[in-house]
Structures are given as C-alpha cells and as structure tokens.
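> Give me coordinates for this.
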Amino acid sequence: MKIHSSAIRPPTSDLRRWVALVVVCLGQLMIVLDSTIVNVALPAIQRDLHFTQADLTWVVNAYLITYGSFLLLAGRAGDLIGRKKVFLAGVIVFTVTSVLTGLARDPATLVATRALQGLGGALSAGVIIALIVTGFPKPHERAQAMSVLTFVVAGGGSLGLLAGGLLTQMINWHWIFFINVPIGVGTLLLGWWLIEENEGIGLSQGVDIAGSVLISAALMLGVYAIVTAAGQGWTSAHTLGFGGASLALLAGFIVVESRVKNPIMPLRILRLRSLTGASAARAFLVAGMFTNFFIGALYLQHVKGFSAIGIGLAFLPSTLALATLSVGITARLMARFGARSLLVVGLLTIASALFLLSGADEQTSYFPRIFAAYLLFGLGAGLSFMPILTISMSEVPAADAGLASGFGNLSMQMGASVGLAALGTISTDYAKSLVAQGASLSTALTGGYQIAFLLAAVCVAAGLLVVLLVLRAPAGSDERRTSAGHVSERAEEAA
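The predicted structure is shown next:
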C-alpha cells in the first residue's frame, strides 16, 4: 500500500508554530520542575544514599554551577549553528542524565550526573526565548506565546513542589528524575519534527575559543563562589578568592571580545538599554520569587507542620492566579496599557505579597493571610513575567536573539543563586541569634523566615526601581508602541 507523503508532513505553517511552542515549553517545564522538585526529595536522597549534610548541598549545587556556566555560551551557539540543534541537544543531554541520576546508587555518581544534567538544561534554556521571538514576529502573537512561557516558568515551581511530594511519598525519590524521560522523549521527537531551524550566522569567521573558555570559566567560578558562600562565609578567603578570580576572568573576557573578529558575545549587546535594564530587574525579581518558593516551603513545613503534598497544595493559589492571567488577559492588558506600566503594577503586587508573608508567625492560619499572599504573588507574577521578557527582547537584532536569550536567562539564574544564598544565610544567622537569646526553635525559625520574606520584598522593590529609572519610554513615543513596535521591527528581520 502506498503511503502519501502528506500523511507524515508537519501541520500547516501557522498551526505548526503554535504546536512547536507547546513543545518548546515542555522543554522549559522539565528545567523549571527540576528547580523545586529536587528540594522536596533531598531528605529521602540523603537517607537512601547516605549523604552527609555538607555533601547533600551538592545535589543542588552541581546542577546550578554547570547550568549557570553555559547559559550564555548556549545562547550564542544557537545564533551561530542553529537554535533548534542546540535546543534538541540540550533535551537529549537532560533526558539521558535524568535516567542516570535516577539510577545512581552512590553520592559521587549522583552529583556527577546532576552536573551533566545542568549542562543539558543550559543548552535548552539558553535558546528558548530566541525560538519564541523569531517564531512569532507579530506583536499580538508574541504576547500570547510569551503568556504560555510565563505560565510554565512561574507555575512550574509550584507544580514541582506538588509533584516532588507526590512522587517521593507515593513511589520513591528516583521517580523525580525518571518523570523527565517521557517529557524529554516527547519533546525531542516533536521538536525534531515541528521546530523550524534558523540558518545561523555560521562559523566562517572562526570560533572565539578564547572568549568561550574565559566566559565559561568566569561563570563557573562565580557561581561556585556564590553557592558555597553560605557554608564557607561570605568574607572567607575561599569565597573572596573564587569570586575575585571570576571577576578577573570576566575582565579578560571583555578585553578579548573587544578585539576578536567573531566574538562569542559582541559587546554591542550591552548597549541595549532595554535588554540590560530588563535583565537587571529580572535578576532582582527572581531573587525575591525563588526565596519565596524556598523559604515559603520551609515555613510551611517546619513552623506550620505541612506535609510535602500539603506544601504543594498551599502554593496552588499562585499557580491558578497565574494560569488565569496567562490565557490572554495579560497580553490584552499589555496591548492596552503598555509593557512597562503593567510590569510596575506586577512588581508592586509581588512585593506586597512578600511583605504580607513577612508578618506570618506561628499562630498565623493559612486563611486568610497566607492564602491572600500567595494569591497576590501569582497575580503579580502573571503581570510581570511577560512584560519583562517582551521589553528585554524589544531592541535585539534577530542575529543576536540567542545571545540575548542566554543573557536574560543568565541574569535570572544569577539572581536566583545570589538571592537564595544571601537571604538563606541571613535567615539562618538571625534564627541562630534568636536561639542564643533564649527563643524556642520554632520562634527562632519563624523570625529567620520573616526577615527572609522582608528582604525578598526589598529585592523585588529594587527591581521596580530599576524599571522606573532605566526602562523609560523614549521621548516622542508612547509606551505601547515601544513595547510592541520595536518587537515587530526586530521580528521582521528574523522572518
């Protein structure tokens, strides 16, 4: 029997783009889930594989170091050789190493495979925004596509807490990694079929090996200094030494990039105010948001006595509020009021939610205070993420979309790493000081969590300040044209 070729063709162009968006977001979902799902399973992993308390942190740190180190390089690789290739390579690495991590039977193997998993995550995440930007050239379509990505990024954290609790309690911790396999295989097969490839700038002018090595080493040492600072001390020779070495390598990288013909990061990208300003604001925003996921889970577990599943359910108001805004409401609001105005409202809402949580103590019931805070948190996230992503890419040339995507993701990763490490340390130190003063353990923990929530609100407020001072609409143009018009112009270059 003859099989007509039309039976295996991809969908028509318009439908294909939207189905491809779902595929890309599945890849993002794997990465976002990993950021919270592992935290829930850490006690079970420690018991089963006999991790020491000090070594247990490397289950998370090994992933963070490689993930943060290669985001920028992955984004630029997508510009040079093709974003589809880089994305699918990342999915393959992430999926295979998820299997290996789930099969690990000793601490060394698990930490090593987690490091490789971070590399896979970086390869995929580094080009995801670029795939969306170049795939949806029309402003209203891009807004809708960004809504979907926003929901996945912000809602995946809550889903990870719930999934981690369910899998760990009902099966075992191995399945928090095995769950990535069907998602990864589906993403790989559908992505190969549906995602359209950009031709890439090519490597005809050579490869910037020196720049690639310098930026990867600089980021690796920098992230290592940050994630180990809590244990070593922020002013220790260890932290200052690795941090200083990272800055020195970064300075060398900038010198190299200013001189080579085909730089891995053309310095012109740093002159785009919308990209650098939005990335800085995004770093502050994520520092506050990730602190909420981490400290909020600890507060609910250690102070309120919630189970792992209960913690996931407690975050549901955030997820549902975000989902409601992501069905097109945020896109319509942005078209009417402008990205910057909507972002200001979103950041104010998130800061208010975190401030509300900073007053929660041992006697605080879930209803109404905590529920209201998480509802506000989800609404604020839904109003913030799509505008900040749109602004960050609004002036980026199509040829540099991957680099800008990696740059934005790097800012988010650094914000999360620095925020969690710094606020976690302050929270712990403050709790210890309260114990020394005679407070009960529960009271001391509550005090530590309260100050962490308060400082998280300050971080988001700092992001708001960046938006107000840096991300101003150009003179002579209204903000709605700025948020959509530049996007349209740059997208036409990508078409």
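> Check the offset of stretch 394-410 from the chain's centre.
15 Å (C-alpha atoms, centre = their mean, to the nearest Å).
> start to end distance for it?
18 Å (C-alpha to C-alpha, to the nearest Å).
> if we look at the helix or strand residue 313 falls within, which residues are touching it?
According to DSSP states H and E, residue 313 maps onto helix 308-314. If you take C-beta atoms under 8 Å, 6 or more residues apart in numbering as the criterion, helix 308-314 is touched by 40, 158-159, 161-166, 168-169, 296-297, 300-301, 306, 366, 370, 374. C-beta here means a position set from N, CA and C on the backbone, and glycine is covered the same way.
> 10 Å - rerun?
36-37, 39-41, 43-44, 158-170, 293, 296-301, 304, 306-307, 319, 366, 370-371, 374 (C-beta atoms under 10 Å, 6 or more residues apart in numbering).
> just the helices in the stretch 301-450 of the chain please.
All helices of the stretch 301-450 of the chain, identified by DSSP state H, counting those that start in this stretch, fall at 308-314, 316-326, 329-337, 339-357, 371-393, 401-436, 441-470.
> which helices and strands does the last one pack with?
Contacts defined by 3 or more C-beta pairs under 10 Å, 6 or more residues apart in numbering; DSSP states H and E place helix 441-470 against helix 273-298, helix 339-357, helix 371-393, helix 401-436.
> Mind checking those helices for the one nearest to residue 240?
Residue 240 lies closest to helix 401-436 among those, at 14.5 Å (C-beta to C-beta).
> Just want the angle from the closest one to helix 371-393.
Angle of helix 401-436 versus helix 371-393, following axes from the mean of the first three to the mean of the last three C-alpha atoms, to 10 degrees, is 150 degrees.
> now the angle from helix 401-436 to helix 441-470?
140 degrees.
> Now helix 401-436: buried residues?
Of all the residues in helix 401-436, those buried under the rule 16 or more other C-beta atoms under 10 Å are 401-427, 430-431, 434.
> what about that helix, average pLDDT?
Averaging pLDDT along helix 401-436 yields 87.
> Measure how far that helix is from the centre of its chain, please.
Relative to its chain's centre, helix 401-436 lies at 12 Å (C-alpha atoms, centre = their mean).
> what's the answer for stretch 312-324, then?
18 Å.
> now do stretch 226-239
Worked out by C-alpha atoms, centre = their mean, stretch 226-239 lies 23 Å from the chain centre.
> Would you mind listing the buried residues in it?
So stretch 226-239, judged by 16+ other C-beta under 10 Å, has buried residues 226, 227, 228, 229, 230, 239.
> just checking, the first one touches residue 65?
Yes - applying C-beta atoms under 10 Å, one finds residue 226 in contact with residue 65, separated by 9.3 Å.
> ok, now which ones touch residue 447?
361, 427, 430, 431, 433, 434, 435, 437, 439.
> Would you quantify the distance from it to residue 427?
According to C-beta to C-beta, to the nearest Å, residue 447 and residue 427 sit 9 Å apart.
> same question, residue 289
16 Å.
> for residue 116, same thing?
Residue 116 is 31 Å from residue 427, by C-beta to C-beta.
> mind checking which of the helices of the stretch 301-450 of the chain is nearest residue 251?
helix 401-436 (17.1 Å).
> Excluding sequence neighbours, find me the nearest residue to residue 276.
residue 270 (6.1 Å; C-beta to C-beta, 6 or more residues apart in numbering).
> ok, that neighbour - contacts?
254, 257, 276, 407.
> Let's see if you can find the most crowded of those.
When neighbours are taken as other C-beta atoms under 10 Å, the top entry among the contacts of residue 270 is residue 407 (26 neighbours).
> Report the spatially closest residue to residue 319, excluding sequence-adjacent ones.
residue 158 (4.3 Å).
> what's the neighbour count on that neighbour?
Neighbours around residue 158, by other C-beta under 10 Å: 26.
> Mind pulling up the pLDDT for it?
Confidence for residue 158, expressed as pLDDT, is 70.
> Tell me which of the helices and strands packed on helix 441-470 lies nearest to residue 27.
When the helices and strands packed on helix 441-470 are compared (using C-beta to C-beta), the closest one is helix 401-436, at 12.8 Å.
> Turn the contacts of residue 270 into JSON lines, including distance to residue 51.
Formatted as JSON lines, the contacts of residue 270 follow (distance: C-beta to C-beta, whole Å):
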{"residue": "254", "distance to residue 51": "39"}
{"residue": "257", "distance to residue 51": "40"}
{"residue": "276", "distance to residue 51": "40"}
{"residue": "407", "distance to residue 51": "34"}
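> Could you identify the pair within the residues you listed that is furthest apart?
257 and 276 (15.4 Å).
> so residue 63 touches residue 35, yeah?
Yes - in this structure, residue 63 is within contact of residue 35 by C-beta under 10 Å, at 8.8 Å.
> So those two - more neighbours on which side?
Looking at residue 63 and residue 35 with other C-beta under 10 Å, you find the greater number of neighbours at residue 63, namely 27 against 22.
> For residue 34, see how far away the residue nearest to residue 21 when sequence neighbours are not counted is.
Closest residue to residue 21 apart from its sequence neighbours, by C-beta to C-beta, 6+ apart: residue 145 at 5.4 Å. Distance of residue 145 to residue 34, given as C-beta to C-beta: 23 Å.
> Please apply the same query to residue 155.
Counting by C-beta to C-beta, the gap from residue 155 to residue 34 is 14 Å.
> Over to residue 403?
In terms of C-beta to C-beta, residue 403 sits 24 Å off from residue 34.
> And the one helix or strand residue 250 maps to, how far out from the chain middle?
Assigned by DSSP H and E, residue 250 belongs to helix 237-257. Its chain's C-alpha centre and that of helix 237-257 lie 24 Å apart, by C-alpha atoms, centre = their mean.
> Who are the packing partners of it?
helix 209-227, helix 229-232.
> Now for residue 446: which residues touch it?
Per C-beta under 10 Å, 6+ apart, neighbours of residue 446: 299, 302-304, 360-364, 431, 434, 439-440.
> make that residue 415, sorry
Here residue 415 is in contact with 279-290, 459, 463 (criterion: C-beta under 10 Å, 6+ apart).
> rerun at 8 Å
By C-beta under 8 Å, 6+ apart, the contact set of residue 415 is 282, 283, 284, 285, 286, 287, 290.
> Around residue 336, how many other residues sit close by?
10.
> likewise residue 440?
Neighbours of residue 440 (other C-beta under 10 Å): 11.
> Distance of it relative to residue 433?
14 Å.
> could the helices and strands packed on helix 237-257 go into TSV alongside mean pLDDT?
Compiled in TSV, those are given as follows (pLDDT from 0 to 100):
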stretch	mean pLDDT
helix 209-227	86
helix 229-232	80
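> among those, which is the most enclosed?
helix 209-227 (a mean of 21; mean count of other C-beta atoms under 10 Å).
> and that helix, what does it pack onto?
Under the contact definition 3 or more C-beta pairs under 8 Å, 6 or more residues apart in numbering; DSSP states H and E, helix 209-227 sits against helix 58-81, helix 237-257, helix 401-436.
> between it and helix 58-81, how big is the angle?
150 degrees.
> Show me what helix 209-227 is in contact with.
Contacts for helix 209-227 (C-beta under 8 Å, 6+ apart): 57, 60-61, 64-66, 68-73, 238-239, 242-243, 245-247, 249-250, 252-253, 256-257, 260, 263-265, 410, 413-414, 417-418, 421.
> could I get that helix in CSV with only the CA atoms?
This file holds the C-alpha atoms of helix 209-227, laid out as CSV (Å, rounded to 0.1, in the frame of the first residue of the first chain):
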residue,chain,number,x,y,z
ILE,A,209,37.7,29.8,21.6
ALA,A,210,39.5,32.2,24.0
GLY,A,211,36.2,34.0,24.7
SER,A,212,34.3,30.8,25.2
VAL,A,213,36.8,29.4,27.7
LEU,A,214,37.1,32.7,29.6
ILE,A,215,33.3,33.3,30.0
SER,A,216,32.6,29.7,30.9
ALA,A,217,35.4,29.6,33.5
ALA,A,218,34.4,33.0,34.9
LEU,A,219,30.8,32.0,35.3
MET,A,220,31.7,28.6,36.7
LEU,A,221,33.9,30.1,39.4
GLY,A,222,31.4,32.9,40.1
VAL,A,223,28.5,30.5,40.6
TYR,A,224,30.7,28.2,42.7
ALA,A,225,31.7,31.1,45.0
ILE,A,226,28.0,32.0,45.4
VAL,A,227,26.6,28.6,46.1
